[in-house]
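# Dropping the sequence and predicted coords here.
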Amino acid sequence: MFSIRTDLALESRELYKEKNGNKEMPGIEVNEYSKDDIRVTNVDIINEEGEKAMGKPIGKYITIDMPKFAHYDSGIKDSVSKVLAKELSALINLDDNMTAMVVGLGNKSVTPDALGPKVVSQLMITRHLKELVPNEIDEGVRPVCALAPGVLGTTGIETSEIVKSVVQKIKPNLVICIDALASRKMQRVNSTIQISSTGISPGSGVGNRRAELSEKTLNVPVIAVGVPTVVDAATVTNDTIDLVIDALIKQSETGSKFYNMLKDLDKNEKFRLIQEVLEPYSENLMVTPKEVDMIIDSITKIIANGINIALQPALELEDINKYLN
């Protein structure tokens, strides 16, 4: 359902540092590391000052940058899955007998929005086995259930109503929501995995905000996992203009009026102006790469494996894949 753009946390931090001599934003803590060409950025909003500066709730926001050829190399896919599992494991606070519920948000009939339902179809689902045949299941296997509620246009029911009803019945100890995102940067499309401990707002990335899914609304911890799969026309235009401006700055004389004018452009104001100008012509226009079918299948495998590893720490990936196959 193209949820809220979680890359705004990373982008807000980047803009602040650019304007303030590379100083860090107040009220946040940042930890960055790389493993096998996979870059991970952890941004923790720790107080109200950080919340105000970021425009996002207090919590953890994690961005995993995938290597360039991740979608074409099975070894790299497994490496990204393991990094994802590591980051998720740090947020998952469950005993082996506690239940986790995974919710796959989105429309399975629309390829860029089908990530959530596709991930759900590749998860290791064990809750029913733990209840029906407990003697056949290892003690270390955690009960996991999953739900792909569809979208309002096909069900006639708000996603939040479906999820909340199931949560009240099942009473899981944790909810993990998976959704496609709308990005504010072309370079992040299909190349980053974004995790948040503060929940998710389905549909908000394309101006169709539905009721949020969070600990506040579900009364259970909610982890959101998303991948930007589309950008809107304003974002494409904005990024293109930024490239032109950067090229003009390089060709301009440092300190000249033209140079200073380009350097002083407010990027937020520029983006808002582009949105206003394009609104009559590009309403609901979203852009995604032409090979989106292959990429969504690849990302589905990466995220499903990462969640399976994180939720079943007693099992190796090979054992999980044997279960699924």
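Great, that's in hand. All figures in this text were calculated on a predicted structure; none of them were measured in a lab.
# could you pull out the helices for the stretch 101-250 of the chain?
Along the stretch 101-250 of the chain, the stretches classed as helices by DSSP state H, counting those that start in this stretch are 115-120, 127-132, 152-155, 159-170, 215-218, 233-251.
# wait, isn't Ile45 in contact with Gly59?
Yes - checked against C-beta atoms under 8 Å, the pair Ile45 and Gly59 is within contact range at 6.0 Å. In this view, the C-beta of every residue, glycine as well, is placed from N, C-alpha and C.
# who has more neighbours, the two?
Neighbour comparison, Ile45 and Gly59: the larger count goes to Ile45, with 25 against 20 (by other C-beta atoms under 10 Å).
# The nearest residue to the more buried one once chain neighbours are set aside - how many residues pack around it?
Nearest-residue entry for Ile45: Ile58, 4.9 Å, with adjacent residues in sequence omitted and distances by C-beta to C-beta, 6 or more residues apart in numbering. Neighbour count for Ile58, taken as other C-beta under 10 Å: 16.
# ok, Ile58 to Ser34 distance?
Remark: distance between Ile58 and Ser34 (C-beta to C-beta, to the nearest Å) = 27 Å.
# Per-residue pLDDT of the residue of the chain positioned farthest from its centre, please?
Distance from the C-alpha centroid of the chain, by C-alpha atoms, centre = their mean, peaks at Ser256 (41.5 Å). At Ser256, the model reports a pLDDT of 89.
# so Leu91 sits right up against Val225, yeah?
No - applying C-beta under 8 Å as the test, Leu91 and Val225 come out as separate, 10.0 Å apart.
# How about stretch 103-117, which residues are buried there?
Residues of stretch 103-117 classed as buried: 103-108, 111-117 (neighbour count, 16 or more other C-beta atoms under 10 Å).
# Of the residues you listed, which pair is most distant in space?
Pairwise distances across those (C-beta to C-beta) peak at 19.5 Å, for the pair Val103 and Thr111.
# okay, and for the stretch 151-300 of the chain, where does confidence drop off?
Along the stretch 151-300 of the chain, segments meeting pLDDT under 70 span 202-210, 281-284.
# where exactly do the strands run in it?
174-183, 192-196, 222-232, 286-287 (DSSP state E, counting those that start in this stretch).
# So which elements touch the last one?
Secondary-structure packing of strand 286-287 (3 or more C-beta pairs under 8 Å, 6 or more residues apart in numbering; DSSP states H and E): strand 222-232, helix 233-251.
# Can you lay out these as a markdown table showing distance to Glu49 and mean neighbour count?
As requested, the helices and strands packed on strand 286-287 are exported to a markdown table (distance: least, C-beta to C-beta, whole Å; neighbours: other C-beta atoms under 10 Å):
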| stretch | distance to Glu49 | mean neighbour count |
| --- | --- | --- |
| strand 222-232 | 23 | 27 |
| helix 233-251 | 28 | 15 |
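# Let me know which of the ones you listed is the nearest to Arg188.
Closest to Arg188 of these is strand 222-232 (C-beta to C-beta; 5.1 Å).
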